[in-house]
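Colleague: show me the folded form of this:
(2 chains)
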There are 2 protein chains.
Amino acid sequence: MIPKISLTASVLALLTAVHAESRLSDYIQPFVGTQGEGNTFPGPSAPFGMMQISPDTDPITWATASGYEYTDPSIMGFSMTHLSGTGIPELGDFLFIPQTGEPKLNPGPKDKPDEGYRSRFSHDQESAEAGYYQVKLLDSGVNAEMTAGERAGILKFTFPAGKSSILTDLSHFLTGDRFKMIWSQLRVEDDSTITGMHLVDGWARERQMYFAAKFSRPFDSYKAYSGGSEVKYDSYKTYRFRSSHEVFGPDLRFLAEYETKQDEVIMVKIGISPVSKENAMANLEGEVPAWDFDGLKEKTKSAWDKELEKLQLVEGSEADKQTFYTALYHCFMAPTLYQDANGEYRGLDREVHKAEGFNNHTVFSLWDTFRATHPLFCLIQPERNVDMINSMLAHYDQSADGMLPIWSLQSGETWCMIGYHSVPVIVDAMVKGLEGFDKEHAYEAVMATATHPEYDGIAAYEELGYVPFDLENESVSKTLEYAYDDYCVARMAELFGRKEDQARFEKRAASYKNLYDSETGLMRGKDSKGQWREPFNPHEYVHMGDFTEGTSWQYTWHVQQDVEGLAELMGGKEAFVSKLDQLFTFHDDETNDMEDVQGRMGEYWHGNEPAHHVLYMYGEVGQPWKGQEKIRHILATQYGNKPNALTGNDDCGQMSAWYLFSSLGFYPMCPGSDDYVFGSPAIEHAVMDLGDGHKLDIKAENQSAENVYIQSVEVNGKPWTSVRLPYDEIKGGGTIVYQMGPKPSKWAADS
Amino acid sequence: MIPKISLTASVLALLTAVHAESRLSDYIQPFVGTQGEGNTFPGPSAPFGMMQISPDTDPITWATASGYEYTDPSIMGFSMTHLSGTGIPELGDFLFIPQTGEPKLNPGPKDKPDEGYRSRFSHDQESAEAGYYQVKLLDSGVNAEMTAGERAGILKFTFPAGKSSILTDLSHFLTGDRFKMIWSQLRVEDDSTITGMHLVDGWARERQMYFAAKFSRPFDSYKAYSGGSEVKYDSYKTYRFRSSHEVFGPDLRFLAEYETKQDEVIMVKIGISPVSKENAMANLEGEVPAWDFDGLKEKTKSAWDKELEKLQLVEGSEADKQTFYTALYHCFMAPTLYQDANGEYRGLDREVHKAEGFNNHTVFSLWDTFRATHPLFCLIQPERNVDMINSMLAHYDQSADGMLPIWSLQSGETWCMIGYHSVPVIVDAMVKGLEGFDKEHAYEAVMATATHPEYDGIAAYEELGYVPFDLENESVSKTLEYAYDDYCVARMAELFGRKEDQARFEKRAASYKNLYDSETGLMRGKDSKGQWREPFNPHEYVHMGDFTEGTSWQYTWHVQQDVEGLAELMGGKEAFVSKLDQLFTFHDDETNDMEDVQGRMGEYWHGNEPAHHVLYMYGEVGQPWKGQEKIRHILATQYGNKPNALTGNDDCGQMSAWYLFSSLGFYPMCPGSDDYVFGSPAIEHAVMDLGDGHKLDIKAENQSAENVYIQSVEVNGKPWTSVRLPYDEIKGGGTIVYQMGPKPSKWAADS
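Modeller: All right, here's what the predicted structure looks like:
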């Protein structure tokens, strides 16, 4: 008999060995998307974590909304929160900067790092993996490492010998060109602990963030600064007493000073909270009780392993796996947790709430993520998707406007983009049978949002059947997106058996027809008198014109809910295909104001979301092979495992979710419907874990870079000739087997 | 047999009739102190209430720190919070302004009310009583009435017929010349409810105040403004959607619009909270559930009746009673309650705390109120005084500096004035036997405060025996006040039997001797090398010089704890008296920078607090009659029942507390000691209710305006020949009977 303890140890050793060989998290390449338009960040974050520690290289430019641009020459420091893939900079709370020599208080210009606390860095001395980022700051010689848990993390600085310091810049955040630091607090709690808060008038007006930071070594000395001056009592300058232990104002810094030995390590543990300093400290102490950098790093890495198991690429090159798992990593970056360990969070009414029965989340980039990210969550993150829906319902309850989120960020609503795309997220979850939210309450919220009398021309839309351009900008895009959202509302009404609502919203769902101009065969603005927009250049993008980040040619296809109806308007399926073909061949010389809308094929711009369902329309109108070749082209050319691999903003995972679905060979062309639509798989073998032991095994036989055309499909062992894949067919797991070939086939052409 | 119901009704009718005849609250004259230096406010407040609704006439000048100056020609509106008698303006949160015709958004200049929302008013059409204020706004014709409970109140506006409105100006507060509105929120909750918050960088950095307001009539329409512009979604101006239900920014307004009938009444119920909008609403709904203006008014008036019963002037003219009870009213204005109905408040660390086992208070004007206000509370507000001490201890616990309050305001410390006068408040309560606070904790807090290594030169003071003027401004005043406070610390150490601490602080209590310049016979600055200040003009006040709001001649007497020791330094009691006499005869032509230090007799300035114990020193050195005549002169000339009756800032009740004690014939010359010192009573008959059925009955026989000299005293029936009155002698109640006469007597001359 072997003693139990030895057995356990042996098994553990074995498991560790196996684990060490095959950690999915090792495929994560955090630099993917950090160069160019991707706007991702390289620093560590736990899956859906509230904290994202990452280096900031630029707080202003819209092209660097995550704070970090791979080609920037210098790093400002390391801040605690970041957005993944957005087109607008925000967050970047609480910048920590290790320095040597005479400390500097301001960053200085990007290209002249010597003028401030910025430091040069080299990608040769920089590394990142899941839960970990490291960079050597070349100017100071400090090696900076960092890891993060859900609400707290650790900065680990290795200093050279001499005069060293760690600056905390509370005035820093990713301001973009218009946001403002309103106010902040800093409190020196003891010889190695500080806490603080700042209040930001940012993308969503008024958000507060608190922090608590413990330093592994007591300060030799410290200084607190306000507006660049040290805050200290001086009887003859300040007159009355002034505390140097607590400082208030819009422009604060804290400097911890040390005399360090060569290679001396000083760590800073930091917890954050949207509610209070006390909660930030509790988050810190709960999650990072010890000075165990490697332990926290391993915990977060293991969390990533676990999450990545939900969608595994069984066969594939190292590069393929890196691309695939990094896409999954980016999908699991947002919406982020937004509540403290005790359940408290700051709600949309800016009051403190306690989440009861769910985990509150924020960062709802819904104009993007309703398309493929939330549908992916329905399959492999159902519990979190329900948490997110409950968070949306809490938002509705707290909303002064009585609306579900449009694009919500922490305790605020940015009102970014158009439509009311909480609706497809909720309806899709209902259609897919997700449980755990109050459906009557959801119905109320959906109806209130979709009929809001003040929001973006809804009243005129309901009355006229379209949003008129003389009363409302982006009128065509709004009409088209409302019509799609209304299809979802109608589906929800159907599920509730509310026939009157169903009829009302089915009618609204057909509103797209009212803006179809049969003369040009395109969607076109119409005023409240029924007159078409004149002049009309369907290839032109006009800021605050009739279309949202796009042209008529791009938006004309925004009818996910009724491809057949659109084809009918265009004169039938052949005419539809012929028109759609032109989208990929039109040459545009004159694009303006579109800097973050990249990834073009003709006028098709994969880099922005209105395009994402378009290639799947080919299948719906009987010519799936036309979509297949283009999908495979995009998968091969607009994604990858390199920093510059993403051709558009990752938009909180939407670009990546498109990649994942499309790689598997099907896509949620119309969330809220029962079906996915087949495209062309790029994988050889992948397995999706649907929970409860249900696995969907997906294989593509005779797969190659040239064999982009589906020849036949078997679903659960049955020959499958429809371009549509119903959710019911796969929800209990099963198999999909594709036969691929180098030439277009007539597979599913009649479906 | 009379049916029970009739009996009850009869008794009630009888009681009401009796009550109506003899309500103490009817003597309260809220206008006392509103003209000139008194800096009181005329609006309604419950005793020690968190809310003080009052009209504001000027937000800036230091001479109008309460917001209202009786001689100002126009009223801006009515705000929710006010300080009583301070020298620095602050509070004035949330101004409500009824208007007719075209609404104005800004107040306009004081003397040109037509340029803004200000209105002319006339004292003929203005009235105030306990819990009630009324004014006719002459420009709009609106009659404005208001009443307040502890945390909520009602505004009642009677409009003429036509276009009317009620503006809420969230940007308004009493800014003085340097404070700033940082940020605010406004939320339209429904068609008759708004909530909001503002964040003020004020006297004590960063304080937040929330409000909830319900209007008795739904708005016909409303507008929200930010920076003077209406906040409203306009597709072509604002681009993306903008809520008109919630607004953020530093400069907000809300306008409720109505078409009113002649004499239509619209009321606004308002609750406030330092914690949240939710708490403000709960405070409002808890305290003002109905639209019962008269009910709330009566409730507050009754609360005043009850408080005034604690010190009754049994005999006296109507004017005397008005002066007396108004002084008591002003004493019971602060420190104010600072916690919501659920016990939550925002602590000194700006975090939300829950008061457990006490009611949290704020507005600790301790440099003033340690002298007579808190000693009065020891006698007639012992429970509230214990609440206040517990509030000070909570402040200590929350302090980043580990100190008891110096001059605390809501969630902040203003660091106003000098010394550490929480100490005498706590020690006096201990000496007087008050129970209900943790004495060990208090000891720790007192020691930490009195030995703080960074605060105002304490370190040098302990080392050198005085604060040196080359290292610290106001060095002489600081030395003298520290020495007195240290006497209290020593007494506390004695009570704890901590002999080492006692010896250390007894030594510090004698520090005043180190700054006594025997050449001039006055207190004089000394530098760290031991050199006297040169040149030295003992009559001159120098801002940031060696004295605090005073001259050497005024501060030399600041040795409450050891009059005998000071007399000895001066060459004995005769020399002391001779010197003290000169204080009252010196003529000063050159006073500067002293605008709020009024009430002079020679160089004696009763209008500022360092003078308050001085007249009682005559008794301590054997010539009580010299003090008696002057005390009576001040009682007769520097107080009264008229708006201009107060000659100095009431300073949260300290001026008034001096009046009350002095009227009764004794004064807490040295709080923290066992004894009061007799002066000269101005009353004929008064009764102090010490609680638990203990009453102190005080009579002055042969009393008149000329008979200002005590001939003899009986305490509890015993002839009393000492100038000192021990607390032990009166704490169980009893009697004091003075015999008065027109000529100085040798009574107590040998004590």
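Colleague: tell me which parts of the stretch 501-650 of chain A are close to chain B?
Modeller: Applying CB under 8 Å from any CB of the partner chain, we find that the stretch 501-650 of chain A lies next to chain B at residue A:544. (Each C-beta comes from the backbone N, C-alpha and C, glycine too.)
Colleague: ok, the residue in the stretch 501-650 of chain A positioned nearest to chain B - how many residues close by?
Modeller: Distance from chain B to each residue of the stretch 501-650 of chain A (CB to the nearest CB) is smallest for residue A:544, at 6.1 Å. Residue A:544 has 12 neighbours, counted by other CB atoms under 10 Å in any protein chain shown.
Colleague: please report how far residue A:602 lies from residue A:581.
Modeller: Between residue A:602 and residue A:581 the distance is 9 Å, computed by CB to CB, to the nearest Å.
Colleague: can you tell me the closest non-neighbouring residue to residue A:205?
Modeller: residue B:248 (4.0 Å; CB to CB, 6 or more residues apart in numbering or on different chains).
Colleague: so what sits opposite that neighbour in the bridge?
Modeller: Beta-bridge partners for residue B:248, by DSSP bridges, are residue B:185.
Colleague: residue A:407 now?
Modeller: Note on residue A:407: beta-bridge partners residue A:365, judged by DSSP bridges.
Colleague: quick one: it and residue A:417 touch, right?
Modeller: Yes - Residue A:407 sits in contact with residue A:417 when judged by CB atoms under 8 Å, with a separation of 5.8 Å.
Colleague: what segments of the stretch 501-650 of chain A are helices?
Modeller: A:552-555, A:563-569, A:573-583, A:617-620, A:624-637 (DSSP state H, counting those that start in this stretch).
Colleague: can you list the domains in chain A?
Modeller: With domains defined by automatic domain parsing, chain A comprises A:16-179+A:212-221+A:259-306, A:348-434, A:456-556.
Colleague: show me where the stretch 1-150 of chain A has strands.
Modeller: Using DSSP state E, counting those that start in this stretch, the strands of the stretch 1-150 of chain A run over A:54-56, A:74-75, A:77-79, A:95-100, A:119-120, A:126-129, A:132-137, A:142-148.
Colleague: and the top helix by length along chain A, what's buried?
Modeller: When chain A is parsed with DSSP state H, its longest helix is helix A:475-496. For helix A:475-496, a neighbour-count test (16 or more other CB atoms under 10 Å in any protein chain shown) marks A:475-494 as buried.
Colleague: got a list of what the residue most central in space within chain A touches?
Modeller: Centroid-nearest residue in chain A, with CA atoms, centre = their mean: residue A:652, separated by 1.0 Å. Counting by CB atoms under 8 Å, 6 or more residues apart in numbering or on different chains, residue A:652 touches A:83, A:84, A:85, A:86, A:333, A:334, A:335, A:363, A:365, A:368, A:369, A:373.
Colleague: hmm, try it at 10 Å
Modeller: A:39, A:83-86, A:330-331, A:333-336, A:363-366, A:368-369, A:373, A:407 (CB atoms under 10 Å, 6 or more residues apart in numbering or on different chains).
Colleague: pull out the buried residues from these.
Modeller: The neighbour count (16+ other CB under 10 Å) marks A:39, A:83-86, A:330-331, A:333-336, A:363-366, A:368-369, A:373, A:407 as buried among those.
Colleague: skip the chain neighbours and tell me the closest residue to residue A:650.
Modeller: Of all residues not flanking residue A:650 in the chain, residue A:85 sits nearest, at 2.8 Å (CB to CB, 6+ apart).
Colleague: gap between that neighbour and residue A:67?
Modeller: For residue A:85 relative to residue A:67 (CB to CB), the value is 12 Å.
Colleague: can you check residue A:241 too?
Modeller: For residue A:241, the distance to residue A:67 - CB to CB - is 38 Å.
Colleague: what's the burial count for the residue nearest to residue A:205?
Modeller: 21.
Colleague: I'd assumed residue A:349 was in contact with it.
Modeller: No - counting by CB atoms under 10 Å, residue B:248 does not reach residue A:349; the two are 12.0 Å apart.
Colleague: residues shared between the contacts of those two?
Modeller: Here residue B:248 and residue A:349 share the contacting residues B:185, B:187, scored by CB under 10 Å, 6+ apart.
Colleague: the helices of the stretch 501-650 of chain A: which one's closest to residue A:537?
Modeller: Taking CB to CB, helix A:552-555 is the member of the helices of the stretch 501-650 of chain A nearest to residue A:537, at 8.2 Å.
Colleague: list of residues touching that closest one?
Modeller: Helix A:552-555 has contacts (CB under 10 Å, 6+ apart) with A:474, A:476-477, A:479-481, A:512, A:515, A:517, A:520, A:522-525, A:533, A:536-541, A:545-549, A:579, A:582-583, A:586, A:588, A:597, A:602-605, A:608, A:610-611, A:614.
Colleague: got a pLDDT number for residue A:63?
Modeller: What the model reports as pLDDT for residue A:63 is 86.
Colleague: tally of neighbours for it?
Modeller: 15.
Colleague: then residue A:236?
Modeller: Residues lying near residue A:236 (other CB under 10 Å) number 10.
Colleague: and what of the one 3 residues further on?
Modeller: Here the count is done by other CB under 10 Å, and residue A:239 has 14 residues near it.
Colleague: do residue A:256 as well
Modeller: 27.
Colleague: A helix includes it, no?
Modeller: No - with DSSP: H, G, I helix; E, B strand; the rest coil as the criterion, residue A:256 is strand rather than part of a helix.
Colleague: just the buried residues of helix A:475-496 that are near chain B?
Modeller: For chain B, the contacts drawn from these by CB under 10 Å from any CB of the partner chain are A:475, A:478.
Colleague: between residue A:407 and residue A:417, which contacts overlap?
Modeller: Common contacts of residue A:407 and residue A:417 (CB under 10 Å, 6+ apart): A:365, A:366, A:367, A:368, B:240.
Colleague: pull the most distant pair out of the residues you listed.
Modeller: Comparing every pair within the shared contacts of residue A:407 and residue A:417 by CB to CB identifies A:368 and B:240 as the most remote, at 15.6 Å.
Colleague: gap between stretch A:357-373 and the chain center?
Modeller: Its chain's C-alpha centre lies 8 Å from the corresponding centre of stretch A:357-373 when counted by CA atoms, centre = their mean, to the nearest Å.
Colleague: ah, wrong one, I meant stretch A:67-74
Modeller: Worked out by CA atoms, centre = their mean, stretch A:67-74 lies 20 Å from the chain centre.
Colleague: for it, which positions count as buried?
Modeller: By neighbour count on 16+ other CB under 10 Å, the buried set for stretch A:67-74 is A:67, A:68, A:69, A:70, A:72, A:74.
Colleague: coming back round to it: against which helices or strands is the longest helix of chain A packed?
Modeller: Applying 3 or more CB pairs under 10 Å, 6 or more residues apart in numbering or on different chains; DSSP states H and E, one finds that helix A:475-496 makes contact with helix A:422-431, helix A:439-450, helix A:458-464, helix A:499-509, strand A:522-523, helix A:552-555.
Colleague: in CSV: the ones you listed, plus mean neighbour count and mean pLDDT.
Modeller: Putting those into CSV (neighbours: other CB atoms under 10 Å in any protein chain shown; pLDDT from 0 to 100) gives the following:
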stretch, mean neighbour count, mean pLDDT
helix A:422-431, 27, 98
helix A:439-450, 19, 98
helix A:458-464, 18, 97
helix A:499-509, 17, 98
strand A:522-523, 26, 98
helix A:552-555, 25, 97
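Colleague: closest one to residue B:225 among the ones you listed?
Modeller: The minimum distance between residue B:225 and these falls on helix A:458-464, with 23.8 Å, by CB to CB.
Colleague: which ones are touching the spatially closest residue to residue A:24 that is not a sequence neighbour?
Modeller: Closest residue to residue A:24 apart from its sequence neighbours, by CB to CB, 6+ apart: residue A:308 at 3.9 Å. Neighbour list for residue A:308: A:23-28, A:47, A:130, A:324-326, A:328-329, A:332 [criterion: CB under 10 Å, 6+ apart].
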